[in-house]
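>>> Next one to model:
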Amino acid sequence: MRTSRVLLVLALTAAVAGVSAPARAIVGGRPADTADHPWTVALTTPSGQLFCGGALVAPDRVVTAAHCTRERTPVGTAEARPLARMRVVVGRTDLRGDSGESVPVSAVRVHPGFREAISGDDVAVLVLARPVAARPVPLVEEGDTASYAPGTPASVLGWGRTAEGTPPSPVLREVVVPVLGDDECRAEISSYRADGMTCAGYPEGGRDACEGDSGGPLVVGGRLAGVVSWGTGCARAGEPGVYTRLASYRRWLGL
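Next up, the predicted model:
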């Protein structure tokens, strides 16, 4: 992660999310509705404070970023977020309302290789305390390459900031960005790992994920192909967003 990325992440997580790694949201997108994307969920504290996003992949399972399961302590260390401090909010387009339901998390499974977002393996599964009725999103198949072909349009959804330094959006938003080829991702991102990451964005910037939606879905062709992981700032030119490549983790997910 480049220095600007680290500084932005630490400032944001201390002030907004309380997580120990980058949090992202939507820049340059448009309003969306959970009626159209019922599998898009918000991860909040019991009081309703957003800290990440996720995708419902089974009635009682949510896929998110591993770093969303960590939080920064008062002394600056990163520790596992207690289950009692996590809720999965389903069917609530506007987080200021009370529609849908807020479900406790009964268990968390983090990829064993995860250390920090920039190193990869940034994926986790949350087990809900009870199943929900919302429609899950299908996962990409193991070894899928077509979903990550250069130029493939991918939809990213989440709540949060719509530009660097702005307040988070309480309403779900969506942006479509093109998937970039591995060679282009490597050229822009020194720590890029093609075996576990993909990247997406426009060369000129302007549309991207941003703070507030780490763990949120990257959907290609109606299937969950990735989760929002990390990036330099928000929608900057020449700084594509990085996503966990779920086709590489399909067997580990066990779904």
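
>>> Quick check: closest non-adjacent residue to Glu164.
Nearest residue to Glu164, sequence neighbours excluded (Cβ to Cβ, 6 or more residues apart in numbering): Cys234, at 4.7 Å. In this view, the C-beta of every residue, glycine as well, is placed from N, C-alpha and C.

>>> and the one you found, how far is that from Thr145?
Look at Cys234 and Thr145: by Cβ to Cβ, to the nearest Å, they are 28 Å apart.

>>> what about the two, which has more around it?
For the pair Cys234 and Thr145, the greater number of neighbours falls to Cys234 (27 against 8), based on other Cβ atoms under 10 Å.

>>> hey, where'd the helices end up in the stretch 151-255 of the chain?
182-188, 250-253 (DSSP state H, counting those that start in this stretch).

>>> what's the closest of these to Val156?
helix 182-188 (15.8 Å; Cβ to Cβ).

>>> Could you pull out the buried residues of the closest one?
Asp182, Glu184, Cys185, Arg186, Glu188 (16 or more other Cβ atoms under 10 Å).

>>> Nearest to Arg130, out of those residues: which one, please.
Closest to Arg130, out of all of those and judged by Cβ to Cβ, is Cys185, at 38.9 Å.

>>> per-residue pLDDT, the nearest residue to Ala163 once chain neighbours are set aside?
What sits nearest to Ala163 in space, not counting adjacent residues and going by Cβ to Cβ, 6+ apart, is Val27, at 5.7 Å. At Val27, the model reports a pLDDT of 85.

>>> Any idea what Ala107 is bridged to?
Taking DSSP bridges, one obtains Val127 as the residues bridged to Ala107.

>>> and it, how many residues sit next to it?
Using other Cβ under 10 Å, Ala107 has 11 neighbouring residues.

>>> which stretches of the stretch 1-150 of the chain aren't confidently modelled?
For the stretch 1-150 of the chain, residues meeting the criterion pLDDT under 70 lie at 1-25, 73-76.

>>> can you give me the strands for the stretch 51-200 of the chain?
Here the stretch 51-200 of the chain has its strands, by DSSP state E, counting those that start in this stretch, at 61-64, 70-72, 78-80, 87-90, 101-110, 124-128, 153-161, 168-178, 197-200.

>>> To Pro138, which of those strands lies closest?
Across the strands of the stretch 51-200 of the chain, closest to Pro138 is strand 61-64 (Cβ to Cβ), at 11.6 Å.

>>> elements contacting that closest one?
In this structure, strand 61-64 makes packing contacts with strand 40-44, strand 50-58, strand 124-128, strand 223-230, judged by 3 or more Cβ pairs under 8 Å, 6 or more residues apart in numbering; DSSP states H and E.

>>> any chance of those strands in CSV, plus mean neighbour count and distance to Arg85?
Output for these, formatted as CSV (neighbours: other Cβ atoms under 10 Å; distance: least, Cβ to Cβ, whole Å):
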stretch, mean neighbour count, distance to Arg85
strand 40-44, 28, 10
strand 50-58, 26, 9
strand 124-128, 22, 13
strand 223-230, 28, 20
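
>>> Could you export those strands as a markdown table, including distance to Ser102?
Output for the helices and strands packed on strand 61-64, formatted as a markdown table (distance: least, Cβ to Cβ, whole Å):
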| stretch | distance to Ser102 |
| --- | --- |
| strand 40-44 | 7 |
| strand 50-58 | 12 |
| strand 124-128 | 11 |
| strand 223-230 | 21 |
